[in-house]
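[1] with the sequence up front, the predicted model follows.
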Amino acid sequence: MSEFYTELKALREERGIDLEEIHHRTKISFASLNAIENGQFSQLPHTYMRLFVKAYATEIGADAEETLSQLETFLGNKPAPPTPIKEEDQETPESPPLTESESADLSAPNRSAKNMRKDMVTGIILVAISIFAIYIIRVINAEEAAKAPMEYPSEFEEEGPITDQMLQNDYDVLTQSTQIMEAEAPYTLKLATAERVWYRSQSDTLSPAEAVLPIGDNRLIEFGDSLEILFKHTKGLNLYLNGLTLNSFDSSQNPVKISLSTVDKTVTIQHFTPKI
């Protein structure tokens, strides 16, 4: 019997849906999509595993809830459904001849009410134990997941990066504005976003660092004399300098570079636009 993820891949190919089409509509990386179709779920970000699988199943027209149920079974979080036995595969064992006493017992009621109640109580206890065991397993899994560090899928090949060379070759400066920095030391810039965004920051004399800010997340960047930060876009992005909102930049789907200098007490903002 083939695994459920191979059936999903076969369904996608049968319906002529390309992975590139799914990638553009869901923003799931090609590496993650290939991992789903190859059953390599350990390579998916733990936090987004079920979300990625559900989105993939929906895009190819599969039953998303049934797919998630099959995923849980594959991961060992729930027992697999019993495989039906074909009638021709069943073998009826030959019964030994009954003795006279056994034949006489057949004429009496098969089971007493007391025995039936006993069996019912036993069955109820076994079901309760099974439910409790499943609950304990889920609690343990939830605790392990909580202890694990939050993982975010790295999508640099789709989300960025943007290099200085790319800015020079592919973009022009649309606008540039400078404002007075009113904050006082120590300096902290908070990033908060409602959209997933790639950015690169360089504070003081440290080396530049790239990162992806997930949806609904935030970051704190501390700096002394200067901070330069480049965003892939500023849709849904909010910046707070020492708790005060920086509202001098517009929401843009194009790159934006922000430079803060505590020496000059200035905030310089550059909006870029693609070259025509």
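    Yes, it's here.
[2] got any ranges where the chain has weak pLDDT?
    1, 80-111, 145-160, 248 (pLDDT under 70).
[3] mind listing the strands for it?
    Along the chain, counting by DSSP state E, strands occupy 171-180, 187-193, 197-203, 209-213, 218-223, 226-231, 237-241, 244-245, 256-261, 266-274.
[4] now do the first one against strand 256-261: the angle between them, please.
    Read that as strand 171-180. Angle, strand 171-180 to strand 256-261, by axes from the mean of the first three to the mean of the last three CA atoms, to 10 degrees: 40 degrees.
[5] same check, this time on the fifth one
    Orientation of strand 218-223 against strand 256-261 (the same axes, to 10 degrees) gives an angle of 40 degrees.
[6] with the third one instead?
    Interaxial angle, strand 197-203 versus strand 256-261 (the same axes, to 10 degrees): 20 degrees.
[7] how about the helices in the protein?
    4-14, 19-26, 30-37, 49-59, 64-75, 100-106, 113-147, 156-159, 164-170 (DSSP state H).
[8] okay if I get those as CSV plus mean neighbour count and distance to Lys275?
    All C-beta atoms are positioned from the backbone trio N, CA, C, and that covers glycine. Shown next, in CSV, are the helices of the chain (neighbours: other CB atoms under 10 Å; distance: least, CB to CB, whole Å):
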stretch, mean neighbour count, distance to Lys275
helix 4-14, 16, 37
helix 19-26, 14, 23
helix 30-37, 18, 28
helix 49-59, 19, 34
helix 64-75, 16, 42
helix 100-106, 9, 93
helix 113-147, 10, 46
helix 156-159, 14, 21
helix 164-170, 11, 6
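[9] between those helices, which one is closest to Thr234.
    Proximity of these to Thr234 was assessed by CB to CB; the nearest stretch is helix 156-159, lying at 14.0 Å.
[10] what's the neighbour count on Glu228?
    17 (other CB atoms under 10 Å).
[11] isn't it right up against Ser201?
    Yes. Look at Glu228 against Ser201 with CB atoms under 8 Å: they come within range, at 7.2 Å.
[12] could you tell me which residues touch both of these two?
    With contacts defined as CB atoms under 8 Å, 6 or more residues apart in numbering, no residue is shared by Glu228 and Ser201.
[13] Thr188 and Asn169, how far apart?
    34 Å (CB to CB, to the nearest Å).
[14] same question, Ala31
    27 Å.
[15] can you add distance to Thr193 and give the helices of the chain back as a markdown table?
    Below are the helices of the chain laid out as a markdown table (distance: least, CB to CB, whole Å):
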| stretch | distance to Thr193 |
| --- | --- |
| helix 4-14 | 32 |
| helix 19-26 | 19 |
| helix 30-37 | 21 |
| helix 49-59 | 18 |
| helix 64-75 | 27 |
| helix 100-106 | 76 |
| helix 113-147 | 24 |
| helix 156-159 | 12 |
| helix 164-170 | 21 |
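[16] which of those sits closest to Gln253?
    helix 156-159 (13.1 Å).
[17] how about the helices of the chain, which one is nearest Gln179?
    helix 164-170 (21.8 Å).
[18] now what about that closest one, what contacts it?
    230, 255, 257, 272, 274-275.
[19] nearest to Thr122, of those?
    Leu230 (67.9 Å).
[20] ok, the closest one touching Val197?
    No. Contact status for Leu230 versus Val197: not in contact, 10.8 Å apart, counting by CB under 8 Å.
[21] how much space separates the most centrally placed residue in the chain from Leu11?
    Residue closest to the mean C-alpha point of the chain, counted by CA atoms, centre = their mean, is Tyr48 at 1.0 Å. Applying CB to CB, the value for Tyr48 to Leu11 is 22 Å.
[22] contacts only, for Tyr187.
    Contacts of Tyr187 (CB under 8 Å, 6+ apart): 222-224, 227, 241-242, 260, 262.
[23] redo that, cut-off 7 Å
    By CB atoms under 7 Å, 6 or more residues apart in numbering, the residues touching Tyr187 are 222-223, 242, 262.
[24] list the buried ones in stretch 234-244?
    For stretch 234-244, the buried set under the neighbour-count rule, 16 or more other CB atoms under 10 Å, comprises 234, 237, 239-241.
[25] endpoints of it, how far apart?
    The straight-line separation of the ends of stretch 234-244 (CA to CA, to the nearest Å) is 18 Å.
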